[in-house]
Structures are given as structure tokens and as C-alpha cells.
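**Student:** Give me a 3D structure for the following:
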Amino acid sequence: MDAPATVESYLAPFPTPTRAILEELRSFILSLVPDATEKISYGIPTFDLNGNLVHYAGYGGHIGFYPGARGIAVFEDEIKAYKYAKGSVQFPLDQPLPWELIRRIVLFRAAENRARQTQKRAKKTGKGA
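**Tutor:** Take a look at the predicted model:
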């Protein structure tokens with residue numbers, strides 16, 4: 001099976017309840033980081049802001065949320081309530097999404113990506129960070 005070309009084509013085949021949660025998550029992230037762009041990366045929806053910001057995906061029983069290793073490590077105490085790994089967390093479909101936690105993770109990752117971009121620019125211009 002080929003990877004979807006667009007976020008819309010990724011979301012389209014999901015059952016209505018799952019698709020609604022994925023679309024709500026998508027809108028929520030865009031409201032937090034309106035300058036992020038969307039793409040498909042690793043076959044799943046991805047927000048880009050000076051590099052990958054977060055990925056998300058739908059599954060039979062959960063929503064996969066992928067903020068990377070630092071996005072998990074910094075919030076690990078709060079994420080322990082869910083199944084998680086080094087760079088991912090699973091939010092069960094039968095529970096409300098933890099919107100405040102997602103908000104803080106996304107904003108943390110956005111700040112991290114912006115700081116990295118600022119450092120790259122400073123190195124390029126020779127002005128130090």
C-alpha cells in the first residue's frame with residue numbers, strides 16, 4: 001500500500017469517530033502553531049516548523065502522537081499514564097485526549113525547533129548563539 005500523498009487522503013479512510021478525533025487534533029495543533037506546515041512524513045501526518053515538530057496517526061484502539069524523544073522525556077511523568085516509548089505516546093480512543101498535555105508538548109517542541117533554527121542562523125552569520 002502506498003503512503004498517502006496528503007493529510008486529507010490519510011484521514012479519509014478512518015471510521016468517522018476516529019477521523020473526527022484526528023481532525024480535532026490537527027486543528028488544535030494548527031491553532032497552537034499557525035506557522036507550522038503540514039506534510040506526510042514516515043507515512044503519517046506531520047507538522048513541520050524548522051524541521052519535524054510532531055507527527056500523529058490513527059490506529060484501531062488509539063491515537064499515536066510522536067513528539068520525538070525530547071518531547072517524551074521532558075513530560076515523562078505525565079505521560080506515564082499512557083503506553084509510551086522513547087519518541088511516542090498512545091492515547092486510547094475510548095478516553096478524551098489530554099488536551100492540556102498535548103498543548104504543552106507542542107509548544108515545547110515549537111520553542112525547541114525555533115531555538116535550534118536561531119542557533120543555526122547565528123552560526124551561519126558568525127554571531128554566536
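
**Student:** Which secondary structure element is home to the residue most central in space within the chain?
**Tutor:** Closest residue to the average C-alpha location of the chain: Val54 at 2.4 Å, with C-alpha atoms, centre = their mean. Using DSSP states H and E, Val54 sits within strand 52-58.

**Student:** For the helix or strand just after that strand, C-alpha coordinates in CSV please.
**Tutor:** Scanning forward in sequence from strand 52-58 by DSSP H and E, the next helix or strand is strand 62-66. The C-alpha trace of strand 62-66 is given here as CSV (Å, rounded to 0.1, in the frame of the first residue of the first chain):
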residue,chain,number,x,y,z
HIS,A,62,-5.5,4.6,19.9
ILE,A,63,-4.1,7.8,18.5
GLY,A,64,-0.3,7.7,18.1
PHE,A,65,1.4,11.0,19.0
TYR,A,66,5.0,11.4,18.1
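
**Student:** what about the helices in the chain?
**Tutor:** Here the chain has its helices, by DSSP state H, at 7-11, 16-32, 68-73, 76-79, 99-125.

**Student:** Go through the second one and flag the buried ones.
**Tutor:** Just to be clear, that refers to helix 16-32. Under the neighbour-count criterion of 16 or more other C-beta atoms under 10 Å, helix 16-32 has Thr18, Ile21, Leu22, Leu25, Arg26, Ile29, Leu32 buried. Bear in mind the C-beta positions are built from the backbone N, C-alpha and C, glycine included.
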